[in-house]
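Novice: This is a predicted model, with the sequence first.
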Amino acid sequence: MTEPAAPTVDPAPAPPDGAESLYEHVGGTDGLRRLVAAWYPTVLTDPLLQPLFGAGHPAHVEHLTAFLAEVFGGPTRYTDELGGFPALLAPHAGKAIREDQRRRFVDLFLAAADTAGLPDDARTRDALRAYLEFGTEVAVQNSHATDAAGLHPCQEVPRWEA
Ligand code: HEM
């Protein structure tokens, strides 16, 4: 007798009231991967951002996709398997991200939402914009911190339901 195959994809935790999660609404991991994959090449060719990102990192799309999936109510793979929030500190440490770079990062993400065909509705776009504004503020503060006291108070993967 053969054992049943192990699931290859973590099931997303259901929202408490059974409603569609933001993660599901934007197309799950596939939708978010399309978003990040549309965004990343624009970063690597952007004059403000490329100096920070260099030639790029092969795992960046997968890691950022997993992070955003968790933020929007999907599988908690970033926390469970990829180091969780603490893994975000080293890549941003010492980068001293400027406001014009933060702004460009957000603008390129919002443009990528069109390229990737994410739902063009208020739920998706408002949540994406609001989370990106928050998340980039966290990254900027952490990128300037010279000690633990200087880090942003948010020290775990946030949940962004809308
Ligand atoms: C919503 C805000 C942000 C999120 C969620 C985020 C997330 C991430 C993640 C998941 C990684 C990869 C860490 C890993 O390998 O597990 C990373 C790396 C990095 N991030 Fe961010 N980040 C944000 C904002 C920013 C901003 C505003 C900048 C600069 C303008 C930036 C610059 C970088 C750089 C340079 C790396 C290293 C990339 C590499 O390894 O090649 N991040 N970030």
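Specialist: That came in fine, so what should we check first? Numbers count the residues shown, from 1 in each chain.

Novice: In contact with the residue of the chain found nearest the ligand, which residues?
Specialist: Per Cβ to the nearest ligand atom, residue 135 is where the chain lies closest to the ligand, at 2.4 Å. (C-beta placed from N, C-alpha, C; glycine too.) Residues near residue 135 by Cβ atoms under 8 Å, 6 or more residues apart in numbering: 71, 158.

Novice: any idea which helix or strand carries the spatially most central residue of the chain?
Specialist: Among the residues of the chain, the one closest to the centroid is residue 68, at 3.5 Å (Cα atoms, centre = their mean). Taking DSSP states H and E as the definition, residue 68 sits inside helix 60-71.

Novice: before we move on, the earlier item: would you mind naming the helix or strand containing the residue of the chain closest to the ligand?
Specialist: Going by DSSP H and E, residue 135 is in helix 122-144.

Novice: so that helix versus helix 60-71, what angle?
Specialist: 120 degrees (axes from the mean of the first three to the mean of the last three Cα atoms, to 10 degrees).

Novice: so how far is helix 122-144 from its chain's centroid?
Specialist: 9 Å (Cα atoms, centre = their mean, to the nearest Å).

Novice: Share the number of residues neighbouring residue 26, please.
Specialist: 26 (other Cβ atoms under 10 Å).

Novice: quick one, phi/psi of it?
Specialist: phi -90, psi 10 (degrees, to the nearest 10).

Novice: quick one: contacts for it?
Specialist: Here residue 26 is in contact with 32, 35, 72, 118-119, 124, 128 (criterion: Cβ under 8 Å, 6+ apart).

Novice: Adding distance to residue 45, write the residues you listed out as CSV.
Specialist: Listed next are those as CSV, based on distance: Cβ to Cβ, whole Å:
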residue, distance to residue 45
32, 21
35, 17
72, 27
118, 21
119, 26
124, 25
128, 22
